[in-house]
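Colleague: pasted the sequence and its predicted model underneath.
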Amino acid sequence: MQKLIGTMARMYPLLIAMGFMIVAIAFVVGYLNSQTASEYFSQTKVVRETTLTAQRVAIESTGLWLPYFKFLGIGLLLGGIVMALRVILDNLRAVGSSVLEGLPADQRPSPPNPPWYGRSMPVVMMLGVVILVAALIVSLGLAGTARAVFAHPVPEIDAAGAGSALLAQLQTIQTSSAWLVPFKFLGIATEFLAIVMGLATILFVLGSQTELLAKGIQIGLAAKAAQGRSGDHAPARQVGGVRA
C-alpha cells in the first residue's frame, strides 16, 4: 500500500496544476458574476425586484457554490504539496539506504520504520480533499435551491407565509450555509495538518539518518582498523631462499 502511495505521490505536479486551474477558473467566474452584479445594481430598486430576476438568480446561486469550488482548488494545491513532501521522504530514505549499502550485510544497521504520522499523512490529505468535495456538492445543491427561490420576484419572496415551500427553501439555504462555511475550513485545516505531519516526518527521518550514518562511520572505521591489524600480523614470505 505504501509503495502504491509512493508511486502516486510522484504525480504531485498534476495535483498542483489542477488546483491552480480551478482557482483560475473561479476567478474568471467571479469576475463575470461581478459584471452581472454591476448591471443588476445599476437599476432602481423597483426594476431590480420585479424585472431583473434572471440576474439576481445568477448572482445568488453563483455566490453559493463559487467559494467552495475555489476552496477545492486550494485544497488540491495543498494536496500537491503533501505529495511532494512524500516524494522528498522517499528520496531521503533511498539515499540513506544507498549510503549504508557499502557496509557488510551482517553489520549494516537497519533504518527505523517511519512514524505513524508519516504513514498516515496521505490518508489525512485525502480526507481533507473528500471534505472539500462534499462541501462543493452540498453547495451546488443549495445553488439549485437558490435558483428556484430567486426566480420569484422579491415581493413574492418577502410575502411567503409560514409553512410555504418558498419559505422552507429559504430556510434550507440559510441553515445549510451556517454549517457549510466552517465545514470547508475544516477541510483546509485537515490539509494543513497533513503538511505538518509531512514536515515532522522529514525531521524524524533526518534525525534517524544522522544517527545511522554515525553508526555506519564507526563500523567502517572499526573494519578498517581490523584489516590494518591483520596485515601487520601476516606471516613472512620466503623470497629466493631469504626470509622476507
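Modeller: Cool, the structure landed. Numbering: from 1, shown residues only.
Colleague: and the helices in this structure, which stretches?
Modeller: 2-9, 12-40, 45-50, 53-100, 116-149, 154-158, 165-232 (DSSP state H).
Colleague: make CSV from these and add mean neighbour count to it.
Modeller: Yep, even glycine has a C-beta here, placed from its N, CA and C like the rest. Listed next are those as CSV, based on neighbours: other CB atoms under 10 Å:
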stretch, mean neighbour count
helix 2-9, 13
helix 12-40, 15
helix 45-50, 13
helix 53-100, 19
helix 116-149, 19
helix 154-158, 13
helix 165-232, 14
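Colleague: mind putting those into TSV with mean pLDDT?
Modeller: Formatted as TSV, those follow (pLDDT from 0 to 100):
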stretch	mean pLDDT
helix 2-9	67
helix 12-40	93
helix 45-50	80
helix 53-100	87
helix 116-149	91
helix 154-158	73
helix 165-232	82
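Colleague: distance of Val123 relative to Val130?
Modeller: 10 Å (CB to CB, to the nearest Å).
Colleague: quick one: residues contacting the residue nearest the centre of the chain.
Modeller: Nearest residue to the geometric centre of the chain (CA atoms, centre = their mean): Gly79, 1.9 Å. Gly79 makes contact with 15, 19, 125-126, 128-129, 191, 194, according to CB atoms under 8 Å, 6 or more residues apart in numbering.
Colleague: do Ser120 as well
Modeller: Contacts of Ser120 (CB under 8 Å, 6+ apart): Met197.
Colleague: how close does it sit to Arg86?
Modeller: 12 Å.
Colleague: can you check Thr36 too?
Modeller: On the measure of CB to CB, Thr36 and Arg86 end up 42 Å apart.
Colleague: again, but for Gln171
Modeller: In terms of CB to CB, Gln171 sits 44 Å off from Arg86.
Colleague: check Gly141 too.
Modeller: From Gly141 to Arg86 the distance is 34 Å (CB to CB).
Colleague: and for Phe183?
Modeller: 26 Å.
Colleague: and Ala194, by the same measure?
Modeller: 10 Å.
Colleague: find residues that contact each of the two.
Modeller: 121-122.
Colleague: surely Ala84 touches Tyr12?
Modeller: Yes. Ala84 lies in contact with Tyr12 (CB atoms under 8 Å); the separation is 4.6 Å.
Colleague: thought Arg93 was touching Val205?
Modeller: Yes. The pair Arg93 / Val205 is scored as a contact, 6.4 Å apart, by CB under 8 Å.
Colleague: can you list residues touching both of those two?
Modeller: Pro114.
Colleague: dump stretch 188-198 to PDB, restricted to CA.
Modeller: Extracted C-alpha coordinates of stretch 188-198, given in PDB (Å, rounded to 0.1, in the frame of the first residue of the first chain):
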ATOM      1  CA  ILE A 188      -8.400  23.200   4.600                       C
ATOM      2  CA  ALA A 189      -7.300  22.700   8.200                       C
ATOM      3  CA  THR A 190      -7.100  18.900   7.500                       C
ATOM      4  CA  GLU A 191      -4.800  19.700   4.500                       C
ATOM      5  CA  PHE A 192      -2.500  21.800   6.700                       C
ATOM      6  CA  LEU A 193      -2.400  19.100   9.300                       C
ATOM      7  CA  ALA A 194      -1.200  16.700   6.600                       C
ATOM      8  CA  ILE A 195       1.600  19.200   5.700                       C
ATOM      9  CA  VAL A 196       2.600  19.500   9.300                       C
ATOM     10  CA  MET A 197       2.700  15.700   9.600                       C
ATOM     11  CA  GLY A 198       4.900  15.500   6.500                       C
END
